[in-house]
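1. Give me a 3D structure for the following:
(chains A, B, C and D)
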Amino acid sequence: MILAQLLPDTAVTDLPTLIAGVILLFAILLVLVRAFIGPTVYDRILAMNTMGTKTVIFVALLGFITRRPEFLDIALLYAILNFLGTIAILKYVKHRRLG
Amino acid sequence: MIPDQLQHQIPALIVLTPLVLGLITALIGRRGLGWWIAMLASLLVFAGSIQLLIDVMHSGTYTVSYLMGNWPVPYGIEYRIDPLNGGVLCTVALISAAVTLFARRSVASEVSRDRLHFFYAVWLFCQTGLLGITITGDAFNLYVLLEISSLATYTLVAMGKGRDRRALTAAINYLVLGTIGASFILLGIGFLYMVTGTLNMMDMAERLDAIYITWGTAEPQYQKTVLTGFAFLFVGVSLKLALFPLHTWLPNAYTYAPAAVSALLAATATKVGAYISIRFIYTIVGTDAAFRGAIPTHVFIMVSAGMAILLGSYLAIKQDNVKKILAYSSIAQIGYIALGFALDNKNGLTAAVIHIFNHALTKGGMFMALGVVAYRLGNTRLQDLRGLGRKLPVSMGAFTAGGLGLIGVPLTAGFVSKWYLVTGAIEAGRYEMAAIVLVGSLLAVVYVWRVVETIYFGKRDEGAPNVQEAPITMLVPMLLLIGASIYFGVDANTTSWIAEAAAETLLGVQP
Amino acid sequence: MLDFLHDHYNYWVTIIIMMIGFYAVVAKSNLVKKAIGLGIFQTGIFLFYISIGKVDGGTAPVKVMGEQTDVVYSNPLPHALILTAIVVSVSTLAVALAIIVNIREKFGSIDEHDLNHLEAEQE
Amino acid sequence: MKDLVVLRVVARWNIPFMVVFGLYVQTHGELGPGGGFQAGVIIAAGFLLYGMIFGAQELRRIIPRWVTDIAAACGVLIYAGVGFWAMGNGYEFLDHAALNPANPGGAEPWGMTLVEYGVGLTVAAVMITIFNEITEGTAPEDEPVNKDYDNPTEMDLPRR
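-> Sure, this is the predicted structure:
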């Protein structure tokens, strides 16, 4: 439903991508549940990292559906920042410092 | 005198000079040059703003406009100066120049030496923000500059940590409340942008007028979005302005900041807040929607202002730290300004505008006098001021003269603004407000007398450190401001000319 | 009722996020949590701005390559405004954290109740 | 963390691409999503990754503090300089037509590009400065707080 609202008049003909989007959102939801219940910090970090990966794919998919290849740049950027963020959090948890 | 080319660029230069010189101060680093650059910037800005005000008052339309990047009006950022702007701009520039001169010795004694260049860089950024707010004609630009000045202010207040660590908690309190206020302003501007599709203040005002007309049938109805946006804006600005129930950040921030910062803040920051409310109520949203729409805002402001005058003065009486007395007195004085622009007539608005200027002079001078005390004694507790009148005759004399201005004794600037205010209140049929103003003056007598009595009739403790009069660089700006407040009390022609012109342009009366 | 909720869902999201942040600012006594709350509060406002820039059927405001002329773009102005506001928000967070670090050094605590006690003792 | 082979190799291979991607976003900003602000963050991200894996000392060795300080100020001065150039030539502040009076429309992209380069320089420098400020004062290398990955300590468990 959200997807249909995001893309009112773009090609809804490519149903497979729409289904892929919905599945991705569901996967993000599952990962979000893991991030909440936890139990250790590492579970949460893994969950957030996975969620970032899903977001990268979702942005790329969105670009594919709306026929805007520029979205790939954003996906690439988000992949970099996600990687960096995960490393930073892991390093902080293990060493209690960033430098 | 000034080449035409340069004169045309003055509105942009007023904001850019402190910004660029502040950056250079930060870049040059530890050479002791900071104060000189800050002084140079303040003097340039002061000269520019006087020139600009003269231009405005002598131009037929009472406006000077400058287009950033030469983009046509609704699209680009416009700097637009009218008498209200120009007056507030000159006030800010004058106070900044005077306080910068004062700051040299005062700040050197309160801020560690290797942070001095940083202090003056932030000091200049604070001026950039305050000057920019008054000069800009673009709503979002106003928000950005407001945040620049606020961020600089939080940092400056926190710099008082060397003398008293409570400066830090005061700064974080101010930061939390100030950021919430600024966010509300951002949200309010967002609502107005959503309705009008423009950010230029004049354009916004015109489009809002058009919306009111098409919306109104027999009786004007105001769109809920506009009123919601206005409500957010008003609450946000009131937080910045420290209008009564939202004033809680103010006393500690003023008390524990370095002396020069207290003087700058008390004299300019809240005044600029008052300017923003006047601008939004009168120019953009319009009094029809703000006062006579679904929400009678002026009644709220009057109640808050009345409470501010009475409770602010009452709390000032109860304080033991003189800086805190002045801080609570500032809350009361903000009440007078707010009352002035809530009256919605020419005399009330004139009172608000003129009191912005007069109170800035008076309070700036008084905080400088306390800065001298802090410079010589290290603190400003009331019991330590006993008998200082003989030791520091000039500063304490200036303090007393400023105190008379707070009370509103004839021949001081405070009297002029209170005269207009009481006239306006009676004209609007608000006799109870006129009564509150008079009661507030009586309360001011009490708290000023409490300090003056301690200064002149108290006995100095045995073995109290011997103190001398302050160095000349601290006395000159203080006497300048206090002298100006007395001069403009005796000869109010210039200030009332500008303030009345401002009130007329705001109320839409053809000059 | 459901339509009312659905038609204004961007407002609801904004309000909910703002109130979560505001709750953190008001209810948490840890100063760092207050600063995070302020960040959440402002994020709600950013989302509000972004949502009012949406044009029905509009695509991202990046010029479409090729010869198409009938492309509808979303309004890019709120995006530009919010980029500025995000910078402001980050600066606010930085200033807040710097002050909190100083508070930790001078008072030895960043809990508001402790700070109130310490200040009262100093009086 | 430089004793971890995977991270070290990944970083070695990734950092050049991150910086080049940043430059791409910077130069390509007017045609795609991006601009000086985003580019500055991406370039700084590359250096930050280097700093996190090889240590902040090492990062400060290749980019000393004075370089970032000057770069940050220079970026702003480039921005302001474009504006002052216009002012000096009798145009309004930041009127890019001053760059090429013969063809004002054609000068607009030039002005914007210069301004964006200034923004990118400042943002990259400020991001690295923030990283330096955060890591300054921590010991160069110390023992990991938690070496036992299989048995998380109390610190790793969620707190109430």
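
2. which element is whichever residue of the stretch 1-150 of chain B sits closest to chain C on?
-> The stretch 1-150 of chain B approaches chain C most closely through residue B:147 (4.5 Å), counting by CB to the nearest CB. Every residue, glycine included, has its C-beta placed from N, CA and C. Using DSSP states H and E, residue B:147 sits within helix B:139-158.

3. how far away is the residue positioned nearest the centre of chain D from residue B:121?
-> Closest residue to the average C-alpha location of chain D: residue D:124 at 2.0 Å, with CA atoms, centre = their mean. Residue D:124 sits 21 Å away from residue B:121, going by CB to CB, to the nearest Å.

4. what's near enough to touch the closest residue to residue C:87 other than its chain neighbours?
-> Spatially, and ignoring its direct neighbours in sequence, residue C:87 is nearest to residue D:37 (8.0 Å; CB to CB, 6 or more residues apart in numbering or on different chains). Listed by CB atoms under 8 Å, 6 or more residues apart in numbering or on different chains, the contact set of residue D:37 reads C:83, C:87, D:119-120, D:123.

5. Please determine how far residue D:37 is located from residue B:488.
-> 47 Å.

6. got it, and residue B:120?
-> In terms of CB to CB, residue B:120 sits 29 Å off from residue B:488.

7. Pick out whichever of the two has more residues nearby.
-> residue B:120 (27 against 23; other CB atoms under 10 Å in any protein chain shown).

8. Name the nearest residue to that one, ignoring sequence neighbours.
-> residue B:34 (3.5 Å).

9. do residue B:261 as well
-> Closest to residue B:261 by CB to CB, 6+ apart is residue B:156, at 4.5 Å.

10. how deep is that neighbour tucked in, by neighbour count?
-> The burial count for residue B:156: 26, using other CB under 10 Å.

11. Kindly give the local confidence score, pLDDT, for it.
-> On pLDDT, residue B:156 comes in at 92.

12. Look up how far residue D:126 lies from it.
-> Distance from residue B:156 to residue D:126, by CB to CB: 21 Å.

13. same check, this time on residue B:124
-> Taken as CB to CB, the span from residue B:124 to residue D:126 is 18 Å.

14. more crowded one of the two?
-> Neighbour count, other CB under 10 Å: between residue B:124 and residue D:126, residue B:124 has more, with 29 against 23.

15. Isn't the more buried one up against residue B:22?
-> Yes. Look at residue B:124 against residue B:22 with CB atoms under 8 Å: they come within range, at 3.3 Å.

16. quick one: common contacting residues for these two?
-> Common neighbours of residue B:124 and residue B:22 (CB under 8 Å, 6+ apart) are residue B:41.

17. mind listing what residue C:44 touches?
-> Neighbours of residue C:44 in contact, by CB under 8 Å, 6+ apart: C:13-18, C:20-21.

18. quick one: secondary structure of the residue of chain C most remote from its centre?
-> The centre of chain C is farthest from one residue, residue C:67, which by CA atoms, centre = their mean lies 38.8 Å away. Three-state call for residue C:67 (DSSP: H, G, I helix; E, B strand; the rest coil): coil.

19. Residue B:65 now?
-> strand.

20. Verify the contact between it and residue B:79 for me.
-> Yes. Judged on CB under 8 Å, residue B:65 makes contact with residue B:79 at a distance of 7.1 Å.

21. How many neighbouring residues does residue 65 have?
-> I'll assume chain A. 20.

22. meant chain D actually
-> 13.

23. Name the helix or strand for the most centrally placed residue in chain A, please.
-> Centroid-nearest residue in chain A: residue A:55, 1.6 Å away (criterion: CA atoms, centre = their mean). For residue A:55, the host element (DSSP H and E) is helix A:41-65.

24. Okay, angle between whatever helix or strand comes next after that helix and helix A:41-65 too, please.
-> Once the chain leaves helix A:41-65, the next helix or strand it forms, by DSSP H and E, is helix A:71-95. Helix A:71-95 and helix A:41-65 meet at an angle of 180 degrees, taking axes from the mean of the first three to the mean of the last three CA atoms, to 10 degrees as the criterion.

25. From the contact counts, what lies against the helix ranked longest in chain D?
-> Taking DSSP state H as the criterion, chain D has its longest helix at helix D:104-135. Here helix D:104-135 touches helix D:5-27, helix D:36-54, helix D:56-62, helix D:65-88, going by 3 or more CB pairs under 8 Å, 6 or more residues apart in numbering or on different chains; DSSP states H and E.

26. would you turn those into TSV with mean pLDDT?
-> Shown next, in TSV, are those (pLDDT from 0 to 100):
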stretch	mean pLDDT
helix D:5-27	90
helix D:36-54	90
helix D:56-62	88
helix D:65-88	87
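
27. hang on, isn't residue B:438 packed against residue B:419?
-> No. Contact criterion CB under 8 Å: residue B:438 and residue B:419 do not qualify, at 11.8 Å.

28. Looking at the two, which is more packed in?
-> Neighbour count, other CB under 10 Å: between residue B:438 and residue B:419, residue B:419 has more, with 17 against 13.

29. What segments of chain C are strands?
-> When assigned using DSSP state E, chain C turns out to have no strands.

30. Show the contacting residues for residue B:480.
-> Residue B:480 makes contact with residue B:98 under the criterion CB under 8 Å, 6+ apart.

31. and the longest helix for chain C?
-> The residue-count maximum for a helix in chain C (DSSP H) belongs to helix C:77-107.

32. Now do that helix against helix B:139-158, angle only.
-> 10 degrees.

33. what's helix C:77-107 packed up against?
-> For helix C:77-107, the elements it packs on are helix B:139-158, helix B:166-196, helix C:31-52, helix C:112-122, judged by 3+ CB pairs under 8 Å, 6+ apart.

34. what's the angle between the third one and helix C:112-122?
-> I take that to be helix C:31-52. On the basis of the same axes, to 10 degrees, helix C:31-52 is oriented at 130 degrees to helix C:112-122.
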